[in-house]
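> please find the sequence and the predicted model below.
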Amino acid sequence: YIPFGANQIVQLNNNVGSTERVQGGYISNIVDGDSSGTAIELSPELTAVEILDYTQTNHINFEASIRFREDAGVVQVETFGISLNAEGTCFYGMQ
């Protein structure tokens with residue numbers, strides 16, 4: 001249980017792009033210094049977010065794929081799903 005409310009779910013839906021025509025996208029820890037420019041360089045070490053289901057004020061279900069380079073021979077779980085709702089219920093699953 002995490003104390004969420006409708007306001008937090010609405011903001012989370014806005015932050016991850018649930019309401020956009022093209023949902024989800026890539027998340028990085030780097031701030032774009034030229035956000036008004038027309039060029040973009042994508043590093044292979046980004047986290048991809050795919051929106052599976054949502055309602056604006058009640059819940060969001062999404063899947064994230066972490067794409068960090070690993071040392072040779074290292075196998076790591078890199079896809080996980082999260083389901084959150086406004087009542088505070090959180091489900092996590094890994095694949």
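Yep, that arrived. Predicted model only: the values in this text are computed from it and were never measured.

> in this protein, which spans are helices?
With DSSP state H as the criterion, the chain has helices at 6-16.

> what about residue 71, how many neighbours?
6 (other CB atoms under 10 Å). Every C-beta, even on glycine, is put in place using the N, C-alpha and C of the backbone.

> scratch that, residue 60 is what I was asking about
21.

> quick check: closest non-adjacent residue to residue 57.
residue 6 (4.3 Å; CB to CB, 6 or more residues apart in numbering).

> who's in contact with the residue lying closest to residue 46 once chain neighbours are set aside?
Distance criterion CB to CB, 6+ apart; nearest residue to residue 46, sequence neighbours excluded, is residue 26 at 4.3 Å. Contacts for residue 26 (CB atoms under 8 Å, 6 or more residues apart in numbering) come out as 42, 46, 47, 48, 49.

> now the spatially most central residue of the chain, which residues is it bridged with?
The chain has residue 49 as the residue nearest its centroid, 3.9 Å off, counting by CA atoms, centre = their mean. Per DSSP bridges, the residues bridged to residue 49 are residue 25, residue 64.

> that one contacts residue 13, correct?
No. At 11.8 Å, residue 49 does not count as touching residue 13 under the criterion of CB atoms under 8 Å.

> strands of the protein, residue ranges please.
Applying DSSP state E to the chain gives strands spanning 25-27, 47-55, 59-66, 79-85, 90-94.

> what's the neighbour count on residue 16?
For residue 16, using other CB under 10 Å, the count is 20.

> how about the nearest residue to it once chain neighbours are set aside, what does it touch?
Nearest residue to residue 16, sequence neighbours excluded (CB to CB, 6+ apart): residue 49, at 5.6 Å. Residues near residue 49 by CB under 8 Å, 6+ apart: 16, 17, 24, 25, 26, 27, 62, 63, 64.

> swap in 10 Å and give it another go.
Neighbour list for residue 49: 15-18, 23-27, 62-65, 82 [criterion: CB atoms under 10 Å, 6 or more residues apart in numbering].
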